[in-house]
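[1] Just the structure for this:
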Amino acid sequence: MLMEKEAFAIKLRQTLEEQLTLDHPIFKELFTAEKNWPLLKMITLEGYQITKYFLEYIENLFFRCPLPDHKRRLLYNLFEEETGRISKTKNHVQLMEDFIRAQGISDEERDAYRPSPQTQELIDYRRNACKGADTYHIGAAAVMIASEGQSLETKAGEARHSLLAKVYGLTEQDTLFFSVHQKEDVGHVREGILLVSDICTTEKMQQEALFAVKHTCQLFWGMYESVAQKYWAMKGKNGASAPLEQAAAAA
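    Coordinates of the predicted model:
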């Protein structure tokens, strides 16, 4: 049956919180007391691939939004992504590039990197959903709830930027990309839930939106799994570490 808006909104939030990507075992490896720069580099360069396309998703959601109030909110989101004026920082892709440079990774190496098939699947899924007239609710759920919701995750009560600063000695300026999103995306997720609740007017649309949230979170997990498999393969070649299954069991 078609859920009431309030009940549907609660269900969207619950679905987002069912699978937190920070629970992936690779983050236990990343946030140990000892710095692991090679692993941080691998996760960062993979993550940069999805950051590059986020503005495109918001542009399409803004352009196709059928509800004036939500369209206005998306405009603010779009403006901040492009300029950083609201947070008094800079373009959000540039913030991510600052984080990459802080690790000593050159622009040439960054631009030469190609996403894993799992990461490309995540990119394409959201892009296709945002561009389709009949899949707007799916794109909104995937981007505004599942994707923006990644920034809200914490590990033992600490956000990504706090953990990065503590373990890797990175400065507040270095990790602005994460701290800005951790603050802003609280509102963005709330707005996304309201938007999806308003535009899903049939049971079928509601179920498709719920699936989009769950599937997008699973695709994020798959992206980190691709990094983990590459990392453990590299460690295996160096004769150093246990397979991923052992790390997962210990997490």
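[2] So, low pLDDT: which residues of the stretch 51-200 of the chain?
    156 (pLDDT under 70).
[3] do that again at 90, thanks
    For the stretch 51-200 of the chain, the stretches with pLDDT under 90 are 132-133, 151-163, 165-166, 182-183, 185.
[4] now the helices for the chain?
    Ranges of helices within the chain are 5-16, 25-30, 37-51, 54-64, 68-83, 92-102, 107-112, 117-131, 136-140, 160-168, 176-199, 203-237, 244-250, based on DSSP state H.
[5] for those helices, which one ends up most surrounded?
    Highest mean neighbour count among the helices of the chain (mean count of other C-beta atoms under 10 Å): helix 136-140, with a mean of 24. To be clear about C-beta, it is placed using only N, CA and C from the backbone, and glycine gets the same treatment.
[6] thinking in terms of the whole chain, how far from its middle is it?
    Distance of helix 136-140 from the chain centroid (C-alpha atoms, centre = their mean, to the nearest Å) equals 16 Å.
[7] Excluding its own residues, what touches it? List them.
    Under the contact criterion C-beta atoms under 8 Å, 6 or more residues apart in numbering, helix 136-140 has outside partners 57, 60-61, 64-66, 126, 129-132, 192, 195-196, 199-200, 205, 208-209, 212.
[8] can you do 6 Å?
    For helix 136-140, the surrounding residues in contact (C-beta atoms under 6 Å, 6 or more residues apart in numbering) are 61, 64, 129-130, 195-196, 199-200, 205, 208-209, 212.
[9] Could you do stretch 11-25 as well?
    Residues from elsewhere that reach stretch 11-25 (C-beta under 6 Å, 6+ apart): 145, 149, 153, 155, 193, 210, 213-214, 217, 220-221, 224, 247-248, 251.
[10] Can you give me the end-to-end span of it?
    27 Å (C-alpha to C-alpha, to the nearest Å).
[11] what mean pLDDT would you report for it?
    Throughout stretch 11-25, pLDDT has a mean value of 93.
[12] Grab the CA positions of stretch 214-233 and hand them over as PDB.
    C-alpha atoms of stretch 214-233 as PDB (Å, rounded to 0.1, in the frame of the first residue of the first chain):
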ATOM      1  CA  LYS A 214      19.600   0.700  -0.600                       C
ATOM      2  CA  HIS A 215      21.200   0.000  -4.000                       C
ATOM      3  CA  THR A 216      23.200   3.200  -4.000                       C
ATOM      4  CA  CYS A 217      24.600   2.400  -0.500                       C
ATOM      5  CA  GLN A 218      25.500  -1.100  -1.700                       C
ATOM      6  CA  LEU A 219      27.300   0.400  -4.700                       C
ATOM      7  CA  PHE A 220      29.300   2.600  -2.300                       C
ATOM      8  CA  TRP A 221      30.200  -0.500  -0.400                       C
ATOM      9  CA  GLY A 222      31.200  -2.100  -3.700                       C
ATOM     10  CA  MET A 223      33.500   0.800  -4.500                       C
ATOM     11  CA  TYR A 224      35.300   0.400  -1.100                       C
ATOM     12  CA  GLU A 225      35.400  -3.400  -1.700                       C
ATOM     13  CA  SER A 226      37.200  -2.800  -5.000                       C
ATOM     14  CA  VAL A 227      39.800  -0.800  -3.100                       C
ATOM     15  CA  ALA A 228      40.100  -3.400  -0.500                       C
ATOM     16  CA  GLN A 229      40.700  -6.200  -3.000                       C
ATOM     17  CA  LYS A 230      43.300  -4.200  -4.700                       C
ATOM     18  CA  TYR A 231      45.000  -3.300  -1.400                       C
ATOM     19  CA  TRP A 232      45.000  -6.800   0.000                       C
ATOM     20  CA  ALA A 233      46.400  -8.200  -3.300                       C
END
